[in-house]
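# I would like to see how this sequence folds:
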Amino acid sequence: MNNAISPEANRLKKNAIGLGLLVFMVISAAAPLTGIAGAIPIAMLLGNGAGIPGTFILMAIVLAIWGIGFVALARNIRNAGAFYAYSARALGGRFGGAIALMAVLAYNAMMVGLLGLLGGVAAGVFGQFGLNLPWWGWSLIATAIIGILGYKEAELSAKVLMVLVVLEVLIGLVVAVSIVAKGGAGDLTYNILDPSLIFVGGGTVAAILFTFGSFIGIEATAIYAEEVRDADRTVPKATFLAIFLIGVFYAFVTWTMVVATGIDALVPTIAALPDPTLYLFTLAEQYSSGTTAMILGVLLVSSVFASALAMHNFIARYFYVSGREGLLPSFMGVTHSSHQSPHVGSVVQTVLAVVVVVFFAAMGLDPVLNLFTWVAQVSVLGVLTMMAITSFAVIAYFRKLPGVEPAWKVLLAPLVSGVVMAAIALYTLIGFGSATGTVAPLSFILPGLVPAFGVLGYLIAAKLEKADPARFANMGANRD
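The predicted structure follows:
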């Protein structure tokens with residue numbers, strides 16, 4: 001099962017990333033400030049309102065259970081393809097191909113969705129300083145900078161992300177602590193785990209979409225498996241540390257966002273705003289100061305940028321692995337001669353991002369309500385699906401290696417997480433339209449892209465099996 005591919009010149013840079021940088025890269029993908037300022041107010045409005053903090057706690061628990069099987073596989077399979085590699089080794093190359101194409105779709109969707117959010121936020125934030133550009137202008141500038149950073153070695157992106165993450169977390173905590181210090185609206189003791197708040201019919205779908213989306217990136221620990229130092233120890237530590245830190249931050253800050261107005265007034269307050277993403281800014285002004293709100297705006301832009309950069313790096317690596325292993329054109333499966341980065345995948349992703357941004361701008365669509373809300377949620381559905389499949393891949397893989405790991409790690413935990421993830425994915429697929437505000441046929445076309453790309457990847461892998469059986473047999477193999 002652990003067939004290893006021999007070392008080769010065309011590979012990612014080894015031992016380039018340590019535990020600290022890896023955790024920051026994962027948290028940057030989750031974009032803490034982007035979540036609490038951009039996504040969470042929309043989730044509160046479209047979802048379960050005051051039930052959001054409790055939803056975050058439940059989601060963190062589910063992800064921690066999922067992580068048990070995930071890290072067990074990560075210790076046995078070291079391949080930048082992560083989800084793809086695990087499925088290929090455990091379920092066969094055809095399933096690996098399906099996951100690879102799903103991953104390409106999911107991370108591209110999140111990245112371009114974030115570019116829409118960035119453009120919309122940046123136009124408002126920088127406009128107050130006299131820097132006036134249409135939203136797509138800011139989005140294209142960000143795309144260019146991200147493309148340059150993604151082209152170079154991973155350490156450069158990691159160090160940029162580390163600085164941005166520290167700043168965004170600090171400003172979020174400043175607002176949250178200010179609310180608590182002033183007592184909010186008097187609901188400091190409300191039960192965030194009250195089922196009547198968390199489960200509110202159709203609103204629960206939106207809550208799951210947005211809260212789960214706020215954790216997207218934790219699987220990046222394995223995407224960098226070929227580049228981190230001591231991957232067998234670093235990947236598991238980084239995975240659980242990221243889940244814990246992200247979960248605690250979101251649960252605490254969203255709790256303060258609820259108590260700032262009170263449970264009953266929360267949704268009406270957000271609905272009365274011209275844009276839901278203004279909610280955190282109004283809290284910053286009310287409980288802290290106008291200066292805090294101004295700094296918050298600038299750091300929100302940098303937060304979205306950091307998340308988009310992290311997603312860009314994920315995509316570049318999936319493009320690289322898919323090209324290296326025969327699922328995409330071979331020219332994509334190469335690394336830069338000096339940076340040892342997946343530079344071709346980075347360039348391809350940059351071009352795709354430009355095309356999507358220009359299309360949405362030409363169509364006159366809203367960067368936040370359309371590009372971000374519609375497209376980014378395709379990513380959430382895709383990652384949910386891949387995580388469910390990965391859980392079942394854990395069971396299949398270790399059935400062939402009895403006694404290597406305890407049954408609770410490689411049977412019980414992945415079975416529970418797989419069933420839960422699959423149920424959430426199905427629930428999300430069914431309720432996609434109401435959760436994103438889309439109507440037919442778009443409410444069917446957008447989520448339908450996930451299975452469509454899966455089928456395409458399956459067929460490409462089947463073709464590879466006939467054309468090159470030896471290469472097919474080595475899909476997802478270790479890269480030591």
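# Give me the most central residue, the chain.
By Cα atoms, centre = their mean, the chain has its centre lying nearest to Ile216, at 2.6 Å.
# Next up, the contacts around it.
The contact partners of Ile216, by Cβ atoms under 8 Å, 6 or more residues apart in numbering, come to 29-30, 110, 379-380, 383. For the C-beta atoms, the positions are set from N, CA and C on the backbone; glycine is no exception.
# ok, these vs Thr291, which is closest?
Nearest to Thr291 among those, counting by Cβ to Cβ, is Ala30 at 26.4 Å.
# got a pLDDT number for the closest one?
pLDDT for Ala30: 79.
# cool, Pro441 as well?
Looking at Pro441, its pLDDT reads 86.
# how close does it get to Lys152?
As judged by Cβ to Cβ, to the nearest Å, Pro441 and Lys152 stand 41 Å apart.
# Who has more neighbours out of the two?
Between Pro441 and Lys152, Lys152 has the larger neighbour count (other Cβ atoms under 10 Å), namely 16 against 9.
# For the stretch 151-300 of the chain, which residues score under the pLDDT cut-off?
Within the stretch 151-300 of the chain, the ranges that satisfy pLDDT under 70 run 153-155, 202.
# now the helices for it?
Using DSSP state H, counting those that start in this stretch, the helices of the stretch 151-300 of the chain run over 154-181, 195-198, 203-213, 220-223, 231-259, 263-271, 279-287, 290-324.
# Residues contacting the very next helix or strand once past the last one, please?
Pointing back at helix 290-324 there. Using DSSP states H and E, the helix or strand that follows helix 290-324 in sequence is helix 343-362. The contact list for helix 343-362 (Cβ under 8 Å, 6+ apart) reads 108, 111-112, 115-116, 119, 134-136, 139-140, 143-144, 146-147, 150-151, 312, 315-320, 323, 331-332, 334-336, 367, 370-371, 375.
# among those, which ones are buried?
Among the contacts of helix 343-362, those classed as buried by 16 or more other Cβ atoms under 10 Å are 108, 111-112, 115-116, 119, 135-136, 139-140, 143, 146-147, 150-151, 312, 315-320, 323, 332, 334-336, 367, 370-371, 375.
# element containing Val450, please.
Here Val450, judged by DSSP H and E, is contained in helix 442-467.
# Next one: the spatially closest residue to Ser214 that is not a sequence neighbour relative to Ala82, how far apart?
Leaving aside its sequence neighbours, Ser214 sits nearest to Gly35 (Cβ to Cβ, 6 or more residues apart in numbering; 4.3 Å). Taking Cβ to Cβ as the measure, Gly35 falls 22 Å from Ala82.
# Check Ile57 too.
From Ile57 to Ala82 the distance is 26 Å (Cβ to Cβ).
# need the next SSE after the helix or strand hosting Leu58, C-terminal direction.
Secondary structure assigned from DSSP H and E places Leu58 in helix 52-76. Where DSSP H and E defines the elements, the next helix or strand beyond helix 52-76 is helix 83-91.
# sorry, back to before: who has more neighbours, Ile57 and Ala82?
Of the pair Ile57 and Ala82, Ala82 is the one with more neighbours under other Cβ under 10 Å, namely 30 against 18.
# Would you indicate which residues of the helix holding Leu58 are buried?
Those would be 52-60, 62-74, 76, for helix 52-76 by 16+ other Cβ under 10 Å.
# for stretch 148-167, same thing?
By neighbour count with 16+ other Cβ under 10 Å, stretch 148-167 contains the buried residues 149-155, 157-158, 160-162, 164-165, 167.
# residues in contact with it?
Residues outside stretch 148-167 that contact it (Cβ under 8 Å, 6+ apart) are 12-13, 16-17, 20-22, 24-25, 27-28, 32, 224, 227, 299, 302-303, 305-306, 309-310, 312-313, 316, 336, 339-341, 343, 346-347, 349-350.
# Now, of the residues you listed, which are buried?
Buried, going by 16+ other Cβ under 10 Å: 12-13, 16-17, 21-22, 24-25, 27-28, 32, 224, 227, 299, 302-303, 305-306, 309-310, 312-313, 316, 336, 339-341, 343, 346-347, 349-350, out of the contacts of stretch 148-167.
# rewinding a little: and the contacts of Ile216, which are buried?
The neighbour-count test (16+ other Cβ under 10 Å) applied to these identifies 29-30, 110, 379-380, 383 as buried.
# From the residues you listed, which land in helices?
Assigned to helices by DSSP state H, the following of the buried ones among the contacts of Ile216 qualify: 29-30, 110, 379-380, 383.
# Output those in JSON lines, with distance to Phe240 appended to each entry.
Output for these, formatted as JSON lines (distance: Cβ to Cβ, whole Å):
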{"residue": "Ala29", "distance to Phe240": "16"}
{"residue": "Ala30", "distance to Phe240": "14"}
{"residue": "Met110", "distance to Phe240": "22"}
{"residue": "Ser379", "distance to Phe240": "23"}
{"residue": "Val380", "distance to Phe240": "21"}
{"residue": "Val383", "distance to Phe240": "18"}
